[in-house]
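Attaching a predicted model along with its sequence, questions to come.
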Amino acid sequence: MNLQDEKTLIEKAKTSPAAFGKLYDLYYTKIFNYALRRTGEVAVAGDITSDTFFKAMKNLSKFKWQGVPFSSWIYKIASNEINSYFRKKRFCSLSLDFLYNKHGFEVVDNTNLQEEYIKAQKQLGQHEDFQQAQNMLKKLPGKYQEVIILRFFENKKINEISQITGKNNNTVKSLLKRGLNKLKIQLLQKKENKNRTLKTQPNQSVSVLKVKDKYDT
C-alpha cells in the first residue's frame, strides 16, 4: 500500500470500523511478531498486540497525516506498551473481544488466533539461535533492546526508528552502536566460558572439540 492509499484508508478508519479492520489485518502480524521478539512470550505478545490496536483505535481521531507512515505510529504505541510491561513487571490485558463485539469489525477469529499463538510458541522453541539472541538481548537495558530489534529484526531504517522511539537519528545510531558493543561483549564472554568448560573436560570426544563455534565469523 502506498502512502496515498494508506492516508485514504486511515481517514475512513476514523469513522468506519470496517476500514479500521483493514488496518488491523495489514499490521496485526507485524506488531505481534515485534512484541514476540521483544518479550519472548507468546501470550504476552498477544495481549500487547490487542492493547496496541485498542489504543490505536481509541486515538486514531488524533492521528494527523504528516507524511509519516501509519506503521511508525502504531509501532510507537506497541513500543510504549512493551516498555510499560517491562517497567511494571506485570500485565493487565484487554480482551480482543472488546474489538470484536464493541466496534463491529471482523478480524481473525479467536480459534485462529489461538492456533497462531501455539504455532508461534512452537517455532520459537525450535529456533535455538533466536532463543540465544533473545536471552542476550534480555540482559540489555530496554533502550538498547528496542532499537536493535527494530533495526535488525523489523528491518526499520534509522529515520523510522527515530519516528517510533521519539529519539533523533544520532541518538538512535549511538544506541545501536553501544547496544551492539554490549552484545559483542556477551558473545565473547560466552565463548570464553565455553572454552574454559571444554578445557576442564579432557574426556570430551574429538568431534565435540572440533565443532566450530557458531559465533566465529
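Great, that's in hand.

Could you write out the alpha-carbon coordinates of stretch 30-41 in CSV?
C-alpha atoms of stretch 30-41 as CSV (Å, rounded to 0.1, in the frame of the first residue of the first chain):
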residue,chain,number,x,y,z
LYS,A,30,3.9,-7.3,12.2
ILE,A,31,3.0,-5.9,15.6
PHE,A,32,2.5,-9.4,17.1
ASN,A,33,5.9,-10.5,15.8
TYR,A,34,7.5,-7.3,17.1
ALA,A,35,6.0,-7.9,20.6
LEU,A,36,7.0,-11.5,20.5
ARG,A,37,10.6,-10.6,19.7
ARG,A,38,10.7,-8.1,22.5
THR,A,39,9.1,-10.2,25.1
GLY,A,40,9.8,-13.8,24.1
GLU,A,41,6.4,-14.7,25.4
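
how about the helix ranked longest in the chain: buried residues?
With residue count as the measure and DSSP state H as the assignment, the chain has helix 169-199 as its longest helix. Taking 16 or more other CB atoms under 10 Å as the neighbour-count basis, helix 169-199 is seen to contain the buried residues V172, K173, L175, L176, G179, L180, K182, L183, Q186. (Glycine included, C-beta is placed from N, CA and C.)

Give me the mean pLDDT for the helix or strand where Y85 lies.
Taking DSSP states H and E as the definition, Y85 sits inside helix 70-88. Confidence over helix 70-88 (mean pLDDT, whole number) is 90.

Show me what it is packed up against.
Applying 3 or more CB pairs under 8 Å, 6 or more residues apart in numbering; DSSP states H and E, one finds that helix 70-88 contacts helix 17-39, helix 42-59, helix 142-152, helix 158-165.

which one of these lies closest to Y75?
Go through those one by one with CB to CB and the one that ends up closest to Y75 is helix 158-165, at 4.5 Å.

export the helices and strands packed on helix 70-88 to TSV and tack on distance to Q132 and mean neighbour count?
As requested, the helices and strands packed on helix 70-88 are arranged in TSV below (distance: least, CB to CB, whole Å; neighbours: other CB atoms under 10 Å):
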stretch	distance to Q132	mean neighbour count
helix 17-39	13	19
helix 42-59	18	20
helix 142-152	14	20
helix 158-165	24	20
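
and those helices as JSON lines, adding mean pLDDT?
Converted to JSON lines, the helices and strands packed on helix 70-88 look like this (pLDDT from 0 to 100):
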{"stretch": "helix 17-39", "mean pLDDT": "91"}
{"stretch": "helix 42-59", "mean pLDDT": "91"}
{"stretch": "helix 142-152", "mean pLDDT": "89"}
{"stretch": "helix 158-165", "mean pLDDT": "93"}
